[in-house]
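Student: This is a predicted model, with the sequence first.
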Amino acid sequence: MKQREVVIGHRLGLHARVAAKLVQLSTKFKSNIVLFRAEGTAAVEADARSILSILFLSAGYGSKLGVRAEGEDEQQALDSICDYLAAD
Amino acid sequence: MSRERLIHGVMASAGAAVGTAVRAFDPLFISFDYKIHPEQAAIEVQRFGSSVEQSREQLKRMQAQLKRRSGAESSFLIDAHLLILQDRLFVDRIVSKIEADHINAEWAIQQISDELFQAYDRLDDEYLRERRGDLEDIVRRLLHNLSSKKTPGPKKRPYDAILVGKAIPPSTLFELRAQRVVGLVTETGSPLSHTAIMARSLEIPAVMGAHDLSSISSGELVIVDGNRGIVICSPSDETLLEYKTRSNDEKKSKKKPLPASSPSVTEDNVRIMLGANINFSEEVTSVVANGCESIGLYRTEFDFFREGGQPDEESLVADYSLVLKAARGAPVTFRTIDVGIDQKAWDGVNTNLGVRGLRFCLENRDIFKRQLRALYRSSVHGPMRILLPFVSTVDELETAHEILADVRAELAERQEPHNPSLHIGVMIETPAAASTCDIMAPLVDFFCLGTNDLIQYYLVVDRSDRTVMHLYNPFHPAILRCLHQVHTLLQPTGKSMTVCGEMAADPPSAAVLLGLGFTSLSVSLAAYPKIKRMIHSVSMSRLRGLAGEILKMHKHQEVEEMVRKALDLAPARH
């Protein structure tokens, strides 16, 4: 299991288009990928393959998210998801 | 189990009802809960699965077309939809729901999407909240695809349903009557909207203008109290018991007969004509059984558009003949259809300064002529009058007469039996008609006053807009003067005037009408007994004196207070 923190770099946050791309990216890996909010009381986790759960994370620009990957390609998955989220 | 919650709205249709909430985010796609046999669950899962598959194919086709036309730019919108269709938060939970609760696919979709809609509504980000539109779109598509492959076998609805939605069109409410819909809660609308009129006519308790309905989930137990304008969600056992007892009492009192079907006369022996308003042909029977002397207003548009499409001439003739036969000699005033063809325009949700009533009929002459032919052809079965709604100029009236003459000539040529001398009337409901009724009089056999619209247009108060609803008031001095003027203008013409708006259905304002000289009223069957009682208890000479007094007053509060005092009623709550 690997995990890392990442700051959302997309100007509009995890909105429809970004969320859709994220799901499409996540399905390329075998590992289970989970996003979670590190701060705040509304501790929520999101399955990176579920567009609804990503939207409900309501992660805006600059918010800090944890990313956790578990599976045979976890390192690769983590790198590529974090790169995508941090990019603008 | 959630705690009891109270939601406030306005009273739109009296009575109270207990049932499970059925949310209608789109009135055309309302799902109901059917309990299915456990063994049937697999079939329902399969139905759901193939509807998902069909939706996916439709979306993919759409996406391919979109890509050819406009590049990839907008096709990401469809991506979002496709991704929802494979989202385990949505799809997997619907499947488990069907399997665990043994319910039909539609109801499982409804319940899961309700939860997701609530999650959307809780988001802080406005843009993200708006994304619920994507899910609504998907749900509509799924339900539509399911509708072609219905759940097989007999279906049982375990509970009465309370419809909960932003706005429910009157036609939907009517069609769902058979689905055990016993109550209605909406965010928009008002007691004067057509949906409210429909609810009252179907005797379905309704609360409208209720804010924050998002907390109500499909399947939650709710009480609609149309007498107090409140909705109680997840009621406690005590509350439930209280309402159940009350509803039994109400059922008992409903069986009490109306005051004798003798004519309505005031204490000082002035004869008042009291007719009944109906929206549906089926109501005629109960109107006649209750001893009402006439049907003062039959709003034909509800039956006309009942099936969604448009009826042909023959079926209209059959319907109207049935109405007249069922009326057993009581005269029936048929108001020609008062709508724009767009249902939204006749939900009372917009201000209606556009094409409606006679304006609509003159623009859609084929529909108008078809209805008129059917009316004339049915007229051999009983006394009938034809009433034209929403007239604002003499020109319109002249054109209508030309069309009426055409229709008569056509029927004569076809040698269809009909009564060529039917009385033709005008509904006074625009300020223009009110101030020029004497000019219209030579072209008209009788007049009716539609006070709901007249007040709305005269006071410039949209009757469905809750922010201005408190300004809608039948006791406004402007309304009293307007009615007084109409009466003064029409009296020398000798043409009859019947008031058939809500103003005639509430004892204090009805008493004002009597005082102003209007001796013919028409009200819904629900209001009939109380108005009849009021008539029997008042003296016309006293009411005339009262009218003289209130016409001098400056404020509606003073007017209402004085009228209520004269009728021995408790003061109004403001």
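Tutor: Looks like it came in fine.

Student: and the lengthiest helix in chain A, how far from the chain's centre?
Tutor: Using DSSP state H to define each element, chain A has its longest helix at helix A:74-86. Its chain's C-alpha centre and that of helix A:74-86 lie 8 Å apart, by C-alpha atoms, centre = their mean, to the nearest Å.

Student: Show me what counts as buried in that helix.
Tutor: A:74, A:76-78, A:80-82, A:84-85 (16 or more other C-beta atoms under 10 Å in any protein chain shown). Quick note: C-beta positions are derived from backbone N, CA and C, even for glycine.

Student: could the residues you listed go into CSV alongside pLDDT and distance to B:P235?
Tutor: Converted to CSV, the buried residues of helix A:74-86 look like this (pLDDT from 0 to 100; distance: C-beta to C-beta, whole Å):
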residue, pLDDT, distance to B:P235
A:E74, 93, 51
A:Q76, 94, 55
A:A77, 94, 50
A:L78, 94, 50
A:S80, 93, 52
A:I81, 93, 47
A:C82, 92, 50
A:Y84, 91, 49
A:L85, 90, 46
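
Student: what about B:V461, distance to chain A?
Tutor: Distance from B:V461 to chain A, counting by C-beta to the nearest C-beta, to the nearest Å: 40 Å.

Student: Save the buried residues of helix A:74-86 as a markdown table, and put in distance to chain B too.
Tutor: What follows is the buried residues of helix A:74-86, written out as a markdown table (distance: C-beta to the nearest C-beta, whole Å):
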| residue | distance to chain B |
| --- | --- |
| A:E74 | 20 |
| A:Q76 | 22 |
| A:A77 | 18 |
| A:L78 | 21 |
| A:S80 | 18 |
| A:I81 | 16 |
| A:C82 | 21 |
| A:Y84 | 15 |
| A:L85 | 16 |
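
Student: if you skip the residues just before and after it, what's nearest to the residue most central in space within chain A?
Tutor: Central residue of chain A (C-alpha atoms, centre = their mean): A:L35, 4.4 Å from the mean position. Spatially, and ignoring its direct neighbours in sequence, A:L35 is nearest to A:A46 (4.5 Å; C-beta to C-beta, 6 or more residues apart in numbering or on different chains).

Student: contacting residues around the helix or strand containing that neighbour?
Tutor: Under the criterion of DSSP states H and E, A:A46 resides in strand A:45-47. Residues outside strand A:45-47 that contact it (C-beta atoms under 8 Å, 6 or more residues apart in numbering or on different chains) are A:32-36, A:53-54, A:56-57, B:88-89.

Student: Just the buried residues from those, in PyMOL please.
Tutor: Applying 16+ other C-beta under 10 Å to the contacts of strand A:45-47 leaves a buried subset, and the PyMOL line that selects it is:
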select buried, (chain A and resi 32+33+34+35+53+54+56+57) or (chain B and resi 89)
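
Student: For the residue most central in space within chain B, which residues are in contact?
Tutor: Compute the mean C-alpha point of chain B, and by C-alpha atoms, centre = their mean the closest residue is B:T195, 2.4 Å away. The contact partners of B:T195, by C-beta under 8 Å, 6+ apart, come to B:12, B:167-170, B:173, B:184, B:186, B:189, B:206, B:208, B:347-348.

Student: among the residues you listed, which are within reach of chain A?
Tutor: Checked against chain A using C-beta under 8 Å from any C-beta of the partner chain, the contacts of B:T195 give no members in range.

Student: In strands, which of those residues fall?
Tutor: B:12, B:184, B:186, B:206, B:208 (DSSP state E).

Student: Throw those into CSV and include distance to B:G382, thanks.
Tutor: Converted to CSV, those look like this (distance: C-beta to C-beta, whole Å):
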residue, distance to B:G382
B:A12, 33
B:L184, 34
B:T186, 37
B:A206, 33
B:M208, 36
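
Student: By neighbours, which of those residues wins?
Tutor: Most neighbours among the ones in strands among the contacts of B:T195, by other C-beta atoms under 10 Å in any protein chain shown: B:A206, with 33 neighbours.

Student: can you tell me which helix or strand B:S315 belongs to?
Tutor: helix B:313-326.

Student: where along chain A do the helices fall?
Tutor: Ranges of helices in chain A, per DSSP H, are A:16-26, A:51-57, A:74-86.

Student: mind checking which of those helices is nearest B:G291?
Tutor: Between B:G291 and these, the shortest gap by C-beta to C-beta is with helix A:51-57, which sits at 59.0 Å.

Student: Mind listing residues that contact the closest one?
Tutor: So helix A:51-57 is in contact with A:14, A:16, A:19-20, A:22-23, A:35, A:37, A:44-48, A:65, B:80, B:83-84, B:87, B:89-90, B:116, B:119-120, B:123, B:128, B:131, B:135, going by C-beta under 8 Å, 6+ apart.

Student: Give the buried subset of those as a PyMOL selection command.
Tutor: PyMOL command restricting those to the buried ones, with burial defined by 16+ other C-beta under 10 Å:
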select buried, (chain A and resi 14+16+19+20+22+23+35+37+46+47+48+65) or (chain B and resi 80+83+84+87+89+90+116+119+120+123+128+131+135)
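
Student: tally of neighbours for residue 18?
Tutor: You didn't pick a chain, so chain A it is. 21.

Student: Actually, chain B is the one I wanted.
Tutor: With other C-beta under 10 Å as criterion, B:V18 counts 22.

Student: Same question for B:K35.
Tutor: Counted with other C-beta under 10 Å, the neighbours of B:K35 add up to 16.

Student: Could you report the separation of it from chain A?
Tutor: Separation of B:K35 from chain A (C-beta to the nearest C-beta): 28 Å.

Student: Mind listing the residues bridging to that residue?
Tutor: B:I103, B:K156 (DSSP bridges).

Student: picking that back up, nearest residue to the residue nearest to the centre of chain B other than its sequence neighbours?
Tutor: Closest residue to B:T195 apart from its sequence neighbours, by C-beta to C-beta, 6+ apart: B:P170 at 4.7 Å.

Student: isn't the one you found right up against B:H194?
Tutor: Yes: here B:P170 reaches B:H194: they are 4.6 Å apart, a contact under C-beta atoms under 8 Å.

Student: how about low-confidence regions in chain A?
Tutor: Scanning chain A for pLDDT under 70 picks out the ranges A:38-43.

Student: how about a cut-off of 90?
Tutor: Applying pLDDT under 90 to chain A flags residues A:2, A:7-21, A:37-45, A:53-65, A:86-88.

Student: now the helices for the stretch 451-574 of chain B?
Tutor: B:451-458, B:477-490, B:507-515, B:528-537, B:540-550, B:556-566 (DSSP state H, counting those that start in this stretch).

Student: need the contact list for B:G545.
Tutor: By C-beta under 8 Å, 6+ apart, the neighbours of B:G545 are B:G515.

Student: Show the pLDDT at it.
Tutor: pLDDT recorded at B:G545 is 96.

Student: what does the one 10 residues further on give?
Tutor: At B:K555, the model reports a pLDDT of 96.

Student: Excluding chain neighbours, give the residue nearest to it in space.
Tutor: B:P477 (7.4 Å).

Student: burial count for the one you found?
Tutor: B:P477, neighbours per other C-beta under 10 Å, totals 17.
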